[in-house]
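**Q** for reference, the sequence and a predicted model appear below.
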Amino acid sequence: MNKNYSLNMSIISSELKLLLEIMKMKNDDSKWSLKKELVKDIDWNLFVILVDHHRVYPLIYLKIKNINNNMIPSQVIQILQKKYKENTFQMLLLSAEMENISKDFTEKNIRLLFLKGPVIAEDIYGDISLRTSKDLDILVPINDISIAEKLLLDRGYKSEKSIVSLENWRWMTHHVTYYHPQKKVQIEIHWRLHPPPGKEPSFNDLWKRKRVSALTTYQVHFLGKEDLFTYLVSHGARHGWFRLRWLVDIDKIIRKRIDDKENINVLLKEYLNYNYIAQTIVLANKLLNTPIPEEMKSILTVKHTSKKAQLSILYLVKMGNLEINQYNASYSLIKLKLQRSFINRYLFAMKSSSHKIYFILKLFYPSHEDSVTLKLPKSLYFLYFPLRPFLWAWRKARK
């Protein structure tokens, strides 16, 4: 890689370095063994917390379970084995519900695309047990979201926010979350891929490029190759890549495309900021040894690439530390809040200029939460503007 893109890795803890080294290990390398310096003075409790935080325990478990040495404590392997099995059951549950939801929606002539979950685990990893998912994300045409909500409610799902009640604030967000208390399944209905503002493909364009998953008997539709890659890059960059799982998705896609001798023809120019792609490629290469596709090397000349990639490493580390400190009983609530505030500043710095402006404007614009805190008739909605600071303070005080 160009020396201009060398990153400072000194801020990465020993536990995270070990995690990354294991991630880079090939699954079929049965003779692989840990270097003694990597496991020296490792806090194994913190290591497990980091593996959990980054949602990579299926991959880590399968990589370390057959290592022929005693450098990794048996209890660590047992904990990760338990998480691996629980995740496998979770993904099977989500797969069954995904198929049922797809059938219900199709019978009502509602087009839907699954954005994440078991479909991309099967597509990217070839095995649903190798990726974690806590919920199902579905994208529907904006004109069909009320019908989509009714279908979920009829299936027993609940939501604190109704799509109908969001009518006046829909432009401020891009999805609503539903939860089934008996099945313990969470579903997000999206009417946009990402939060506004920002240009993105129309649903009709996405539908034309859709694929059918090989995972289920009943047809389940999900994003086309380029749309999925673009979506995952935007999603990870927007969240500062604070979970390694998102970067591993990108690593797997790139390696598979290179192995299959396919170019990554990413719809980038129209729908994706080049800074996002450049940052992603630098991070994946530095942290996971991801090869750089020939067609992407020219993108790495984008200005500020190394700065944004370094920012993401810092954010990734800080978020991991926050997760660790939340488990530390001796860590004060004040310190946690200060650390979270510090982290949020970095996340704001990751936003594009248009998203920064939108974020600031959104702070002053009434939200759905304001309407829940104080119900006003539609004719008096204008009062939410001057009342917003007081309603926000009231909610914080109640918490």
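**A** Yep, that arrived. Numbering: from 1, shown residues only.
**Q** quick one, phi/psi of the residue nearest to Gln81 when sequence neighbours are not counted?
**A** Leaving aside its sequence neighbours, Gln81 sits nearest to Tyr61 (C-beta to C-beta, 6 or more residues apart in numbering; 5.7 Å). Just so you know, the C-beta spots here come from the backbone N, C-alpha and C atoms, and that holds for glycine as well. Backbone geometry at Tyr61, expressed as degrees, to the nearest 10, gives phi -60, psi -50.
**Q** show me what contacts Tyr61?
**A** Listed by C-beta atoms under 8 Å, 6 or more residues apart in numbering, the contact set of Tyr61 reads 77, 80-81, 83-84.
**Q** just the buried ones out of those residues, please.
**A** Buried members of the contacts of Tyr61, scored by 16 or more other C-beta atoms under 10 Å, are 77, 80, 83-84.
**Q** now, those that are in helices?
**A** 77, 80, 83-84 (DSSP state H).
**Q** I'd like the average pLDDT over the strand or helix carrying Thr230.
**A** Using DSSP states H and E, Thr230 sits within helix 225-238. Mean pLDDT, computed over helix 225-238, is 89.
**Q** what's it packed up against?
**A** helix 118-125, helix 244-259, helix 274-288 (3 or more C-beta pairs under 8 Å, 6 or more residues apart in numbering; DSSP states H and E).
**Q** and it, how far from the chain's centre?
**A** Computed by C-alpha atoms, centre = their mean, to the nearest Å, the chain-centroid distance of helix 225-238 equals 10 Å.
**Q** over to stretch 90-103?
**A** The chain centroid and the centroid of stretch 90-103 are separated by 19 Å, computed with C-alpha atoms, centre = their mean.
**Q** output it as CSV, restricted to C-alpha atoms.
**A** Only the C-alpha atoms of stretch 90-103 are listed here, as CSV (Å, rounded to 0.1, in the frame of the first residue of the first chain):
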residue,chain,number,x,y,z
GLN,A,90,-30.8,-17.3,16.2
MET,A,91,-30.0,-17.3,12.5
LEU,A,92,-32.2,-20.4,11.9
LEU,A,93,-35.1,-18.6,13.7
LEU,A,94,-34.5,-15.5,11.6
SER,A,95,-34.4,-17.5,8.4
ALA,A,96,-37.7,-19.1,9.1
GLU,A,97,-39.4,-15.8,10.0
MET,A,98,-37.8,-14.2,6.9
GLU,A,99,-39.4,-16.8,4.6
ASN,A,100,-42.8,-16.3,6.3
ILE,A,101,-42.6,-12.5,6.1
SER,A,102,-41.6,-12.7,2.4
LYS,A,103,-44.6,-15.0,1.7
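**Q** mind listing what's buried along it?
**A** 90-91, 94-95, 97-99, 101-102.
**Q** and stretch 45-62, by the same measure?
**A** Residues of stretch 45-62 classed as buried: 46-62 (neighbour count, 16+ other C-beta under 10 Å).
**Q** how about stretch 210-224?
**A** By neighbour count on 16+ other C-beta under 10 Å, the buried set for stretch 210-224 is 211, 213, 215-216, 220-224.
**Q** sweet, I'm off.
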